[in-house]
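[1] I'd like to go over a predicted model; first the sequence, then the structure.
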Amino acid sequence: MTTVENPTVTHVALGGTRGGPDVPTLRRDRWWLQPLVTTTVLTAFVVYSTWAIFVNKDYYAGAALHRDLISPFYSPCITASCVPGTRGTAVVATWWHITPALLVMGGPLGFRLTCYYYRRAYYRGFWQSPPNCGVADGHRRYTGESRFPLILQNVHRYFFLIGLLFNTILTIDAVMAFRMPGGGGIGVSIGTLVLCVNAVLLWLYSLSCHAARHLCGGHVRSFSRHPVRYRLWKFLTPLNARHMQFAWASLVFVGLTDLYVRLVASGTITDLKLF
Ligand code: FES
């Protein structure tokens, strides 16, 4: 329970003194738990995904295993070094000679890094700015996102569009995961479900984005003159209210999807066919 006592109002201005209390904190609850969980989960994800991107193997379970499962970190696989079966595209980056994941991760990474929710989370968790409500700021001056490099956060609306492109590609991957090549025809395995859930969570994360809601409902003087945009806005608004949950669920699950494909591709586990 929050126990803020005697709150004071501090006017915040760019370049001025930061807001917040003069004492370390006004709170008596476990306010540190939220930033601690944030930094722990984000650090774990960054460490795991960095390893997964650079290890450059076991990212595809293909015909030899009667499956068509690709890790979301390596899709679309467009370099000449991609393992056979992964490159379902005419675009081939012949000039790229290191891990193919590094070539495609910029889009999803930029989308997450500039996300309004994650910004709040990592500003609080890593930058202590401030660590939580009613807690003293870790920095003396307030600069907002008004100058380089943080002003680049404004490109989020464009990363949103790039994110939609990746969602479409990963949805195609999920549909392809119903294939059981090598005589198996069409079927459903655990891996199929994993890729499908991953795609659904990524769509929920993208559609609940603030930029998506603004795209539908922003700059409209009268909804009655824009019934289609109004319906879209009405559809997206409840999703937007759960953006934080979708952000975490999709982040954790995309890592678990890579792990699952990796375990199947390396032969550590067998992907169980359900029907
Ligand atoms: S605000 Fe989080 S993805 Fe756009």
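    Yep, that arrived.

[2] Could you use CA atoms for every contact and neighbour count after this?
    Noted.

[3] Can you give me the buried ones in stretch 204-223?
    Buried residues in stretch 204-223, counted by 16 or more other Cα atoms under 10 Å: L204, Y205, S206, L207, S208, C209, H210, A211, A212, R213, C216, G217.

[4] how distant is stretch 240-253 from the center of its chain?
    Going by Cα atoms, centre = their mean, to the nearest Å, the spacing between the C-alpha centre of stretch 240-253 and its chain's C-alpha centre is 8 Å.

[5] Okay, buried residues for that stretch please.
    For stretch 240-253, by 16+ other Cα under 10 Å, it's N240, H243, M244, F246, A247, W248, A249, S250, L251, V252, F253.

[6] The fourth one sits in which helix or strand?
    Using DSSP states H and E, the element containing F246 is helix 243-265.

[7] Tell me which ones among the buried residues of stretch 204-223 also neighbour the ligand, please.
    Intersecting the buried residues of stretch 204-223 with the surroundings of the ligand, defined as Cα under 6 Å from any ligand atom, gives S206, C209, H210, A211.

[8] Cross these against helices and list the overlap.
    Those of these mapping onto helices are S206, H210, A211, per DSSP state H.

[9] Quick check: chain neighbours aside, which residue is closest to the second one?
    This points to H210. Closest residue to H210 apart from its sequence neighbours, by Cα to Cα, 6 or more residues apart in numbering: N240 at 6.6 Å.

[10] What residues of stretch 60-78 count as buried?
    The neighbour-count check on stretch 60-78 (16+ other Cα under 10 Å) flags 60-63, 65-78 as buried.

[11] Can you give me every residue that contacts the residue in the stretch 51-200 of the chain positioned nearest to the ligand?
    Residue nearest to the ligand within the stretch 51-200 of the chain (Cα to the nearest ligand atom): C115, separated by 3.7 Å. Neighbour list for C115: H156, C209 [criterion: Cα atoms under 8 Å, 6 or more residues apart in numbering].

[12] Could you measure from it over to V264?
    Separation of C115 from V264 (Cα to Cα, to the nearest Å): 32 Å.

[13] so where do the strands sit in the stretch 1-150 of the chain?
    For the stretch 1-150 of the chain, the strands defined by DSSP state E, counting those that start in this stretch occupy 60-61, 69-70.

[14] State the phi and psi torsions of M180.
    The phi and psi values for M180, taken as degrees, to the nearest 10, are phi -120, psi 80.

[15] So what sits opposite it in the bridge?
    Under DSSP bridges, the beta-bridge partners of M180 are G185.

[16] from memory it sits against T192, does it?
    No: with contact defined as Cα atoms under 8 Å, M180 does not count as touching T192 (10.0 Å).

[17] Please say which of the two ends up with more neighbours.
    Neighbour totals were compared for M180 and T192, and T192 leads with 26 against 22 (other Cα atoms under 10 Å).

[18] got a list of what R147 touches?
    In this structure, R147 makes contact with no residue, judged by Cα under 8 Å, 6+ apart.

[19] Phi first, then psi, for it.
    Backbone torsions of R147, given as degrees, to the nearest 10, read phi -140, psi 170.

[20] Pull up the per-residue confidence for it.
    Looking at R147, its pLDDT stands at 84.
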